[in-house]
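Visitor: give me a 3D structure for the following:
(chains A and B)
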There are 2 protein chains.
Amino acid sequence: MDDFEISCKGLYRALCIREKYMRMAYQRFPMITSQYLRLIEGHEWRPEDQVLPVFTPPPKEGDDPFCTKDLPENLGYVAHMHHGVIHIYKTEADADDHKPIDLPIIDYDTFIDDMNFLIALIAQGPAKTYSHRRLKFLLSKFNVHEMLNEMEEMRELKNNPHRDFYNCRKVDTHIHAAACMNQKHLLRFIKKSYRVDADRVVHKLKGKEVTMKELFASLKLHPYDLTVDSLDVHAGRQTFQRFDKFNAKYNPVGASELRDLYLKTENHINGEYFANIIKEVANDLEEAKYQYAEPRLSIYGCNANEWNKLSCWFNRHRVYSPNLKWMIQIPRIYDVFRGRNFVPNFGKMLENIFLPVFQATIDPHSNPELSVFLRHVTGFDSVDDESKHSGHMFSTKSPRPEEWDIAKNPSYTYYIYYMYANVMMVNQLRKQRGMNTFLFRPHCGEAGAITHLLAAFMTADNISHGLNLKKSPVLQYLYFLAQIPIAMSPLSNNSLFLEYAKNPLLEFHQKGLVVSLSTDDPMQFHYTKEPLMEEYAIAAQVFKLSTCDMCEISRNSVLQSALSHEVLKLHYLGDSYLKEGPEGNDIRKTNVAQIRMAFRYETLCYELNLIKNGGKSE
Amino acid sequence: MDDFEISCKGLYRALCIREKYMRMAYQRFPMITSQYLRLIEGHEWRPEDQVLPVFTPPPKEGDDPFCTKDLPENLGYVAHMHHGVIHIYKTEADADDHKPIDLPIIDYDTFIDDMNFLIALIAQGPAKTYSHRRLKFLLSKFNVHEMLNEMEEMRELKNNPHRDFYNCRKVDTHIHAAACMNQKHLLRFIKKSYRVDADRVVHKLKGKEVTMKELFASLKLHPYDLTVDSLDVHAGRQTFQRFDKFNAKYNPVGASELRDLYLKTENHINGEYFANIIKEVANDLEEAKYQYAEPRLSIYGCNANEWNKLSCWFNRHRVYSPNLKWMIQIPRIYDVFRGRNFVPNFGKMLENIFLPVFQATIDPHSNPELSVFLRHVTGFDSVDDESKHSGHMFSTKSPRPEEWDIAKNPSYTYYIYYMYANVMMVNQLRKQRGMNTFLFRPHCGEAGAITHLLAAFMTADNISHGLNLKKSPVLQYLYFLAQIPIAMSPLSNNSLFLEYAKNPLLEFHQKGLVVSLSTDDPMQFHYTKEPLMEEYAIAAQVFKLSTCDMCEISRNSVLQSALSHEVLKLHYLGDSYLKEGPEGNDIRKTNVAQIRMAFRYETLCYELNLIKNGGKSE
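Guide: Purely as a prediction, here's the structure:
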């Protein structure tokens, strides 16, 4: 075999691996890529092979998004964790014998095999050379396209009535709920709350209930004097390469008491302020009309009660908006919890995180509040400082989660596998029951080892950041071939890991990777009242994006998001949005030129065809 | 003399030249620099030597800014142009004999001498080396200051109650009225006007009056279909290095008829729409509360009636806002007018521009509307594409303005001298009469020859752009020593002349040049609803400015602006704002750390002291 064939066969197998993981978890994989994979195999591609995630449609006019009436019946199954993955059994007796009901699963050994194959592939000489050359070609091809067709694209957009960049739907695909307001907004909220609630008991200080007045007095400050400077939640030069300092910025005025009071769901006032701030942000989005956001709320896995508390907060304060799609973020901080003896082993943490979700899926009525909340949850995120090195290498010899009782943190990949495996299992059950499914959308490639991006290639529907794709041509090319969406936040990176001008966003976009723009943490990074617009404006200015570029990125953000099928069809993308290429684009809704769509589609097909040629030859 | 002395003596003389020009025109020159110049001469510095411009204070509660009651009486003088400069005579007979009243003037030959001295200085080896080394030193010194005192500055700001970057006053020091709204705003305005006024006669098409409906029909478009894309007023990649294409962007949908209708003071509806858009922009500024702008309106010099029409527009539509300070911009397009035979020579153009101002100053009642308007005018700007080369070198042999009847455009310097000379003359008369004076604030150093910056060093109170100071260390150092404010617009430059990351703003700021941030043309360059905040946000992100940096730049913008003494004292800078150094800074109003102010002041004194040492030695 020559180098070309070696590369194509490797890439083919890599794509097949991803396809398998996506299908099993009801995550997305491009139809066109599947079709070429079948061509290589000599099989027919069947439309029914395509799986899609299920998101809860918006409530009908007059319906209550918190209604518990139509929850499905109890299945009577039981769920237990087995080697870090929750399995479902018909009866307790089955569980004792470990005879789970028949749901496909990707076991540990298969995962390790697949991972090892990919680790070898991304280091393989021929594949590296081939991918590097193809990526270079993709970049040049886009530049040629731009020079030839830029004016033509613009002409298409000018002739497109009613629709321009401002009224194209855009989704903030990566934003943390605890930092979803800008610094000025938080300041205003704190001042207002003090004017109204100074004498209200809001906190427990050393076991004693205190009013807001007393709380601020104990911190030796008065909200009236507070400024954005003393609030001190904005990232600056001090946070560059210092994730620890950045995390500390979540504490207003450096006081964790204020973080508890204003930015937590669980506190003495049941997270009322936090809910109100979020509702104000949602209100701004609803008024802006064309903007949506996918905020992350935390589940830590410290104890099994977290889901109850969170869903209780959600229902009590009715934190619902059609412009918000909720995600759950799981911080990778087992080591901290183990160090404080909150959990005996990693398995217990996984159980705390996932078991309640399985139970509410099996018997929704057992926990109606959680069941309602889960209807509005669209996915799981995995978060923490990726630049921390774990020292552990995931392999067949790694301890099982229930045996992982040391204080050291497992590796990124270890976390990712167990999160994926549990999400996959619960999705299968939920899909069977006609419930919404979850996407796995980890933070990945913001810093740290390249293996993070490899694990996400196998398991994630889409990722946030992806900066490190710069470092591996093979993975970058695979992300292109599989059209894996990447939510990029260059302003966040600029404060933490990479200067703005060096951000690979423009290059990725030009090559045809599916990038979207997101804010990450408006509280820490943004200055204006419209953080997402600020993010687009700065990218447009620094990278000199054309209107067509910006609208394509907006369109990507909608495709990456968990907006429901019904909303996409109706408002955003048009009836044919599930089709790929120019056919699936309705310029009247997206303001993306057809000539651009055709270029993207033909380019992808060309690359896939090369792999077909190389992969097929014997 | 050694190189050090040669340099210092040259710089000393250069500063004296500027001091002279500033004093004669009632423009600003730093007290501390004057004091060092006197030390070199062995003279005492007298406070009465300091001159200041006069700006109209805001009307008192209940007073009408358009009131014509308190206009001064007729002086009975006559004004005539003599060699391009308007002189004032007691009587017509005096005018015939050219015996003007005794007002100091900088004549043509003096100007040429001073200019030639400066041209030699900026090319002189020792001065170049010396300035280059001092600037390098200033940059390193700031870096050291920052490393040592950054946290200390931040501490000062955190302890400063009530004030933060958001509620620091900031002035948009350079903005064109015809592009002061953003693209989305203009689009909305056009759509709204059509909904209300479709059947109104708004335009004359080939001599025939047409309604708005007919006008849009003749352009084959309907406002309902218009989008930001088809409006096509935003600069993009196409405008880089193409000032001509940029200028064409002033025409919405490429139609000059729409520019006439919406963005002109003089049209079939007497500029009503333009006035309304500006008032909406002013309203936004008033609501934002801490933002001011200094929009430019055009006087072309084609005929003597322009001032009447403009002031009539101003009074008729009552285009007044406490948050707007008006400026007059004079496009340098004599060649176009001469080519079309609108003016016989350059002198006539100057006369059209300046004579009405002199006449209204001598006899305000002769033209009350103009007199009222002039009360709100704070300065003159000179505008056009600086990269166009004129081919003419200003010297003693240049033709006088009345002899300049060729179609070729005079050089930048020629324009600048005659504008300055006339502004200086009228200022002296107005100062005598207790009227407000005008500043000369040309566009300068955006592109083109370095001599532009030299002419402005002699004549301008402050400038817009200044990019080319990069290219001349001597001029850059002189701009530092004389603390000449520079209104920079990096987003505008990014679309026209220089990529954002290469903008010298950060470097100038670090060295201690007095820079402010301005938008230039929000219609063409900005995306969000708050263009000035967008400008600050992008600079803060890309250049990683600290809060202290941003507040210092805001403070600079106020000092550069034509906000009146009364407003500055009361609201913005505090009672001592006329003092220099930390004494003149009220942190409670400016949010600039005293440690920063002390650093700036000591640094300037240190450099001036060096020049004193070198300049004094015999």
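Visitor: which parts of the stretch 51-200 of chain A are strands?
Guide: Listed in chain order, the strands of the stretch 51-200 of chain A (DSSP state E, counting those that start in this stretch) span A:78-82, A:85-89, A:170-176.
Visitor: flag every buried residue along the first one.
Guide: Just to be clear, that refers to strand A:78-82. Neighbour counts using 16 or more other CB atoms under 10 Å in any protein chain shown place A:Val78, A:Ala79, A:His80, A:Met81 of strand A:78-82 among the buried residues. Quick note: C-beta positions are derived from backbone N, CA and C, even for glycine.
Visitor: who touches the second one in this structure?
Guide: The reference is to A:Ala79. A:Ile86, A:His87, A:Ile88, A:Tyr89, A:Leu355, A:Phe358, A:Gln359, A:Ile362 (CB atoms under 8 Å, 6 or more residues apart in numbering or on different chains).
Visitor: next one: the last one
Guide: If a contact means CB under 8 Å, 6+ apart, then A:Met81 has A:His87, A:Gly347, A:Leu350, A:Glu351, A:Phe354, A:Leu355, A:Glu402 as its contacts.
Visitor: if we use 6 Å, what do you get?
Guide: If a contact means CB atoms under 6 Å, 6 or more residues apart in numbering or on different chains, then A:Met81 has A:Glu351 as its contacts.
Visitor: against A:Ala177, how distant is it?
Guide: Note on A:Met81: its distance to A:Ala177, by CB to CB, to the nearest Å, is 28 Å.
Visitor: of the contacts of A:Ala79, which are in range of chain B?
Guide: Among the contacts of A:Ala79, no residue is within reach of chain B (CB under 6 Å from any CB of the partner chain).
Visitor: so how do I select the buried members of the residues you listed in PyMOL?
Guide: To isolate the buried members of the contacts of A:Ala79 in PyMOL, using 16+ other CB under 10 Å:
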select buried, chain A and resi 86+87+88+89+355+358+359+362
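Visitor: check the offset of stretch A:117-131 from the chain's centre.
Guide: Its chain's C-alpha centre and that of stretch A:117-131 lie 27 Å apart, by CA atoms, centre = their mean, to the nearest Å.
Visitor: buried residues, it. List them.
Guide: Using 16+ other CB under 10 Å as the test for burial, stretch A:117-131 gives A:Leu118, A:Leu121, A:Ile122, A:Gln124, A:Pro126, A:Ala127, A:Lys128, A:Tyr130, A:Ser131.
Visitor: OK, contacts around the closest residue to A:Tyr420 other than its chain neighbours?
Guide: Distance criterion CB to CB, 6 or more residues apart in numbering or on different chains; nearest residue to A:Tyr420, sequence neighbours excluded, is A:Thr459 at 3.8 Å. A:Thr459 makes contacts with A:Tyr21, A:Ile416, A:Tyr420, A:Phe440, as judged by CB under 6 Å, 6+ apart.
Visitor: just A:Ser516 next, same as before
Guide: Applying CB under 6 Å, 6+ apart, the residues near A:Ser516 are A:Thr173, A:Ala487, A:Ile553, A:Asn556, A:Ser557, A:Gln560.
Visitor: next: A:Cys548.
Guide: A:Glu153, A:Ala593, A:Arg596.
Visitor: dump the contacts of A:Ala79 to CSV, plus pLDDT.
Guide: Formatted as CSV, those follow (pLDDT from 0 to 100):
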residue, pLDDT
A:Ile86, 97
A:His87, 97
A:Ile88, 97
A:Tyr89, 97
A:Leu355, 98
A:Phe358, 98
A:Gln359, 97
A:Ile362, 97
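Visitor: now, among the contacts of A:Ala79, which is nearest to B:Thr603?
Guide: Using CB to CB, A:Leu355 is the member of those that lies nearest B:Thr603, at 64.5 Å.
Visitor: just the element for the closest one, please.
Guide: helix A:346-362 (DSSP states H and E).
Visitor: helix A:346-362 and the helix or strand just after that helix, what's the angle between them?
Guide: The helix or strand immediately downstream of helix A:346-362 is helix A:368-376, counting by DSSP H and E. Helix A:368-376 runs at 90 degrees relative to helix A:346-362, counting by axes from the mean of the first three to the mean of the last three CA atoms, to 10 degrees.
Visitor: what strands line up against the very next helix or strand once past helix A:368-376, and which way round?
Guide: As assigned by DSSP H and E, the chain's next helix or strand after helix A:368-376 is strand A:377-383. Using DSSP bridges, the strands paired with strand A:377-383 are strand A:326-331 (parallel), strand A:439-440 (parallel).
Visitor: neighbouring contacts of strand A:377-383?
Guide: Identification of contacts with strand A:377-383 by CB under 6 Å, 6+ apart yields A:55, A:296, A:325-331, A:415, A:419, A:423, A:438-443, A:562.
Visitor: identify each buried residue in the next helix or strand after that strand, please.
Guide: Reading on from strand A:377-383 to the C-terminus, the next helix or strand found by DSSP H and E is helix A:412-432. Under the neighbour-count criterion of 16+ other CB under 10 Å, helix A:412-432 has A:412-431 buried.
Visitor: and for stretch A:482-496?
Guide: Neighbour-count burial for stretch A:482-496, with 16+ other CB under 10 Å as criterion, is recorded at A:482-496.
Visitor: A:Leu11: what's its closest spatial neighbour, skipping adjacent residues?
Guide: A:Ile611 (5.5 Å).
Visitor: repeat that for A:Leu498.
Guide: A:Leu467 (6.0 Å).
Visitor: burial of that neighbour, as a residue count?
Guide: Using other CB atoms under 10 Å in any protein chain shown, the number of residues around A:Leu467 comes to 24.
Visitor: coming back round to it: show me what the helix holding A:Leu355 is packed against.
Guide: helix A:368-376, helix A:412-432 (3 or more CB pairs under 6 Å, 6 or more residues apart in numbering or on different chains; DSSP states H and E).
Visitor: how about the secondary structure of the residue of the stretch 301-450 of chain A found nearest chain B?
Guide: At 17.7 Å from chain B, A:Glu446 is the closest residue in the stretch 301-450 of chain A, using CB to the nearest CB. Classification of A:Glu446 using DSSP: H, G, I helix; E, B strand; the rest coil returns coil.
Visitor: quick check: nearest residue in space to it, chain neighbours excluded?
Guide: In this structure, A:Glu446 finds its nearest non-sequential neighbour in A:His465, 3.8 Å apart by CB to CB, 6+ apart.
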